[in-house]
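In: Predicted model and sequence follow; I will ask about them next.
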Amino acid sequence: MNVVLAGSAGILRQVYERLHIDTTLNFNLTGYFANAHVNEIAVPHLGKLSDLPGLIASENAPDGVVIAFEQGDHQNIWQILQATEGRNLELFYVPDVLDIITSKFHTLEAGGIPLLQLKAYVLAGWQGLLKRGFDVIVSLTGLLLLSPFFLLLATIIKLTSPGPVFYRQKRVSLDGQEFAMIKFRSMRSDAEADTGPVWAKADDPRTTSIGKLLRRTSLDELPQLINVIKGEMSLVGPRPERRHFVEQFQSHVPKYLERHRVRCGMTGWAQVNGLRGQSSIEDRTRYDLYYIENWSLWFDIKIILMTVSEIIRGENAY
């Protein structure tokens, strides 16, 4: 379906980003109408809002129009409704509560009044049980099969650098609760003694000789299978951060805390799309929220397979 966007520049950017991530509607976005150009929208700017009726009346009329305006801008909405009268096309309206919507919403009706359910439980009931059962079975199987490999890695780490084999760090997961995430130690024991909490980066000088290989292949993450079995993590979910960073991000990243509505994961939808390390927190959050709202067991399996493929190719890790 060929569709154009029409509305306020700021909201159209958000609508475009979400339609770009979620392709389930099979919209072919051919352009947008707004009174100002929006650099972040990667389809043609077809003109101002006053130019839309001309396209609708032409032989090149789209199959549908998605309209999104600032709160209270009823005049422009009314003008577009008038322009589409008698025209066989579909019209989609993005509610002016887009900025405060934190999850997928549903439309209900009560006495002829439309109600938008802006928030609902996620992974509740049988879905939560299914995900947890899958986590436990796969994690236990993985630990049993990989136990000889774990012993080998532990021996190499112990022989090549002073300090413990495992590295435990407080991270934030479901409902904002902290837990001790386990990793094979890949850095010096005093890596943050002088700097305090900082992110790892490519060619990080704090990394040990074996640690470089562990991080490049993501083998340092394998002990988190123990966290999964204990119910502190999931195989798939938003990657956990330290409280220090959570408090930073929640103040300027919209809906960041919504990531904590589910258990954090060993891997996630954001990570398999190349968003890790020092990538945009806003982008990561957007992908994490998409995962939460569109969860299925097959989605988890897809992400796990994509993760394995990335590890084999050595992509997006350091």
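Out: Perfect, thanks for sending it. Small disclaimer: the values here were computed from a predicted structure and weren't measured.
In: going forward, measure contacts and count neighbours with C-alpha atoms only.
Out: Noted.
In: isn't Thr160 right up against Gly211?
Out: No - judged on C-alpha atoms under 8 Å, Thr160 makes no contact with Gly211 at a distance of 9.7 Å.
In: between these two, which one's more packed in?
Out: Remark: of Thr160 and Gly211, Gly211 carries more neighbours, 23 against 12, as counted by other C-alpha atoms under 10 Å.
In: Just give the nearest non-adjacent residue to the more buried one, would you?
Out: Distances taken as C-alpha to C-alpha, 6 or more residues apart in numbering place Ser186 nearest to Gly211, at 3.7 Å, with adjacent residues excluded.
In: Now do the same contact list for the one you found.
Out: 207-208, 210-212, 214-215, 220 (C-alpha atoms under 8 Å, 6 or more residues apart in numbering).
In: and of these, the nearest to Leu52?
Out: Closest approach between the contacts of Ser186 and Leu52, by C-alpha to C-alpha: Arg215, at 52.0 Å.
In: so which helix or strand takes in that closest one?
Out: Arg215 is part of helix 209-216 when elements are defined by DSSP states H and E.
In: and that helix, how far out from the chain's middle?
Out: 26 Å (C-alpha atoms, centre = their mean, to the nearest Å).
In: For Ser309, grab the count of nearby residues.
Out: Neighbours of Ser309 (other C-alpha under 10 Å): 13.
In: Using the three-state scheme, assign it.
Out: The three-state label given to Ser309 by DSSP: H, G, I helix; E, B strand; the rest coil is helix.
In: Now do it, the pLDDT please.
Out: For Ser309, the pLDDT comes out at 89.
In: for Ile77, same thing?
Out: 83.
In: residue contacts, it?
Out: Ile77 neighbours (C-alpha under 8 Å, 6+ apart): 67, 69.
In: ok, back up a step: report the next helix or strand after the helix holding Arg215 in sequence order.
Out: Note on helix 209-216: by DSSP H and E, the next helix or strand toward the C-terminus is helix 224-229.
In: roughly how far is that following helix from the heart of the chain?
Out: Using C-alpha atoms, centre = their mean, the offset of helix 224-229 from its chain centre is 21 Å.
In: hmm, who's touching that helix?
Out: Against helix 224-229 from outside (C-alpha under 8 Å, 6+ apart): 135-136, 139-140, 142-143, 181-183, 233-235, 266.
In: name the helices or strands packed onto the following helix or strand past that helix?
Out: Following helix 224-229 in sequence order, the next helix or strand is strand 234-236 (DSSP H and E). For strand 234-236, the packing partners by 3 or more C-alpha pairs under 8 Å, 6 or more residues apart in numbering; DSSP states H and E come out as helix 126-160, helix 224-229, strand 265-267, helix 297-313.
In: nearest to Asn76, of the ones you listed?
Out: helix 297-313 (39.3 Å).
In: Columns distance to Ala57 on top of the helices and strands packed on strand 234-236, output as TSV?
Out: Formatted as TSV, those follow (distance: least, C-alpha to C-alpha, whole Å):
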stretch	distance to Ala57
helix 126-160	47
helix 224-229	57
strand 265-267	49
helix 297-313	42
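In: Nearest to Asn35, out of those?
Out: Between these, helix 297-313 lies closest to Asn35; by C-alpha to C-alpha that is 38.9 Å.
In: elements contacting that closest one?
Out: strand 234-236, strand 265-267, helix 269-272.
In: switch the cut-off to 6 Å
Out: Helices and strands touching helix 297-313, as assessed by 3 or more C-alpha pairs under 6 Å, 6 or more residues apart in numbering; DSSP states H and E, are absent.
In: Can I get it in CSV, CA atoms only?
Out: Taking Å, rounded to 0.1, in the frame of the first residue of the first chain, the C-alpha atoms of helix 297-313 are listed here in CSV:
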residue,chain,number,x,y,z
LEU,A,297,8.9,-17.4,21.4
TRP,A,298,9.8,-17.4,17.7
PHE,A,299,11.1,-13.8,18.0
ASP,A,300,13.4,-15.0,20.8
ILE,A,301,14.7,-17.9,18.7
LYS,A,302,15.3,-15.6,15.8
ILE,A,303,17.4,-13.2,18.0
ILE,A,304,19.4,-16.1,19.4
LEU,A,305,20.2,-17.4,15.9
MET,A,306,21.1,-13.9,14.8
THR,A,307,23.4,-13.6,17.8
VAL,A,308,25.1,-16.9,17.1
SER,A,309,25.6,-15.8,13.5
GLU,A,310,27.2,-12.5,14.6
ILE,A,311,29.5,-14.3,17.1
ILE,A,312,30.7,-16.7,14.3
ARG,A,313,31.4,-13.7,12.0
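In: Many thanks, we can stop here.
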